[in-house]
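>>> pasting the structure only:
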């Protein structure tokens with residue numbers, strides 16, 4: 001089969017890889033219908049994280065081709081959406097709603113690599129969710145978004161306790177931040193402030209429910225949030241970048257007693273203890289337990305109540321994955337969908 005390999009920073013190639021096979025009785029083999037490039041894939045691409053000969057991809061939808069003898073929840077022929085973290089969905093941590101920290105868990109990006117034609121999904125019963133039927137082609141981008149970026153934005157909004165009567169601020173205008181806007185709207189937030197300097201992303205943020213746009217960053221951005229909230233700050237703040245600046249911008253934009261939901265993969269982030277102490281805020285975040293939300297998100301998409309697929313603004317065949325990485329790196333694309 002063909003699959004994407006990142007040999008070094010900036011060096012992405014599509015190569016022949018060995019076809020996956022059933023190894024454990026709980027495995028499933030899927031033919032990947034669509035995968036995509038994640039903002040987190042850009043960290044190694046830019047040389048910020050070490051990388052050498054790494055198979056790539058952790059967002060995926062596809063059709064089940066083969067299952068191990070112990071797989072019960074999906075069957076051959078099912079169209080499935082899978083989380084970016086493998087989980088059994090039965091351990092104590094999974095049952096508490098944090099499947100991304102399953103005691104048997106592993107990251108799809110590290111061991112599976114779904115920017116490929118096929119993939120072996122371990123612990124298939126706990127990781128994959130079948131759709132109600134075979135989806136219309138127009139639904140596939142939205143279902144793909146549920147695999148990570150939508151679920152991550154949703155978790156960020158839940159962690160920030162977005163809801164009725166709340167003002168929500170979103171730090172980061174990438175795909176996750178935009179999905180955070182969508183989630184905050186669906187959860188009933190009355191006012192949603194998207195922080196963005198990019199006109200295309202601002203337009204999409206408004207489509208998903210943003211009521212205000214703040215173009216300033218850093219201290220100026222914080223001051224603008226305070227200005228819009230009677231000097232208090234937002235009730236709920238979503239941090240969807242993972243840098244020192246974005247995290248401090250999120251914390252400082254939150255009113256006392258408010259909540260920060262942080263899902264940006266942190267790089268060189270250090271929190272000043274004394275400032276955090278006197279902020280009197282809640283911090284909740286980490287790798288999103290997408291599996292917790294998948295059934296409900298799939299149903300919302302199936303019923304056409306949400307359209308997260310609009311976040312994909314460039315579609316390329318798998319063979320052109322290198323161009324997709326470059327487009328996202330140069331911010332010519334918000335998120336790239338790859339067709340197998």
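Good, I have the coordinates. Just so we're clear, the structure is a prediction, and the values are computed from it rather than from any experiment.
>>> out of everything not next to it in sequence, what's closest to the most centrally placed residue in the chain?
Per C-alpha atoms, centre = their mean, the C-alpha nearest to the average position across the chain is that of residue 149, at 2.3 Å. Spatial nearest neighbour of residue 149, chain neighbours left out: residue 175 (4.6 Å); criterion: C-beta to C-beta, 6 or more residues apart in numbering. Just so you know, the C-beta spots here come from the backbone N, C-alpha and C atoms, and that holds for glycine as well.
>>> roughly how far apart are the one you found and residue 126?
Applying C-beta to C-beta, to the nearest Å, the value for residue 175 to residue 126 is 25 Å.
>>> would you say residue 328 is within a strand?
No. Under DSSP: H, G, I helix; E, B strand; the rest coil, residue 328 sits outside any strand and is assigned helix.
>>> tell me the contacts of it?
By C-beta atoms under 8 Å, 6 or more residues apart in numbering, the contact set of residue 328 is 37, 39, 41-42, 334-336.
>>> The closest residue to residue 120 other than its chain neighbours: how many residues sit nearby?
Nearest non-adjacent residue to residue 120, counting by C-beta to C-beta, 6+ apart: residue 20, 3.6 Å away. Applying other C-beta atoms under 10 Å, we find 22 residues neighbouring residue 20.
>>> ok, and what's touching the host helix or strand of residue 227?
In the assignment (DSSP states H and E), residue 227 maps to helix 218-228. If you take C-beta under 8 Å, 6+ apart as the criterion, helix 218-228 is touched by 167, 169, 171, 193, 195, 212, 214, 216, 232-234, 245, 249, 252-253.
>>> Which of those sits closest to residue 270?
Residue 270 lies nearest to residue 245 out of the contacts of helix 218-228, by C-beta to C-beta, at 11.9 Å.
>>> and the closest one, what pLDDT?
Looking at residue 245, its pLDDT is 96.
>>> what's the angle between the host helix or strand of it and helix 218-228?
Per DSSP H and E, residue 245 falls inside helix 244-252. Here the directions of helix 244-252 and helix 218-228 differ by 20 degrees (axes from the mean of the first three to the mean of the last three C-alpha atoms, to 10 degrees).
>>> Isn't the residue nearest to the centre of the chain up against residue 180?
No. With contact defined as C-beta atoms under 8 Å, residue 149 does not count as touching residue 180 (9.8 Å).
>>> any weak-confidence spans in the stretch 201-340 of the chain?
Residues of the stretch 201-340 of the chain meeting the criterion pLDDT under 70: none.
>>> Okay, buried residues for stretch 136-146 please.
For stretch 136-146, the neighbour count (16 or more other C-beta atoms under 10 Å) marks 139-146 as buried.
>>> Other residues contacting it?
So stretch 136-146 is contacted by 33-36, 59-61, 81, 131, 135, 150, 175, 179, 290, 293-294, 297-298, 301-302, 306-312, 337 (C-beta under 8 Å, 6+ apart).
>>> now swap in stretch 280-294 and tell me
Under the criterion C-beta under 8 Å, 6+ apart, residues 81, 83-85, 87, 89, 94, 97-101, 126-127, 129, 146-148, 151-152, 154-156, 159-161, 239, 251, 254-263, 276 lie in contact with stretch 280-294.
>>> which SS class is residue 168?
Per three-state DSSP, residue 168 ends up strand.
>>> Which pLDDT value belongs to it?
98.
>>> Could you do residue 110 as well?
In this prediction residue 110 is given a pLDDT of 85.
>>> Next one: residue 48 from residue 266, what distance?
From residue 48 to residue 266 the distance is 12 Å (C-beta to C-beta).
>>> who's more crowded, these two?
Counted by other C-beta under 10 Å, residue 48 and residue 266 do not tie: residue 266 has more neighbours, with 18 against 12.
>>> What segments of the stretch 101-250 of the chain are helices?
Taking DSSP state H, counting those that start in this stretch as the criterion, the stretch 101-250 of the chain carries its helices at 108-111, 124-127, 140-146, 149-159, 175-186, 199-208, 218-228, 244-252.
>>> Serialize these to JSON lines and add fields for distance to residue 16.
Formatted as JSON lines, those follow (distance: least, C-beta to C-beta, whole Å):
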{"stretch": "helix 108-111", "distance to residue 16": "19"}
{"stretch": "helix 124-127", "distance to residue 16": "25"}
{"stretch": "helix 140-146", "distance to residue 16": "24"}
{"stretch": "helix 149-159", "distance to residue 16": "28"}
{"stretch": "helix 175-186", "distance to residue 16": "30"}
{"stretch": "helix 199-208", "distance to residue 16": "36"}
{"stretch": "helix 218-228", "distance to residue 16": "46"}
{"stretch": "helix 244-252", "distance to residue 16": "39"}
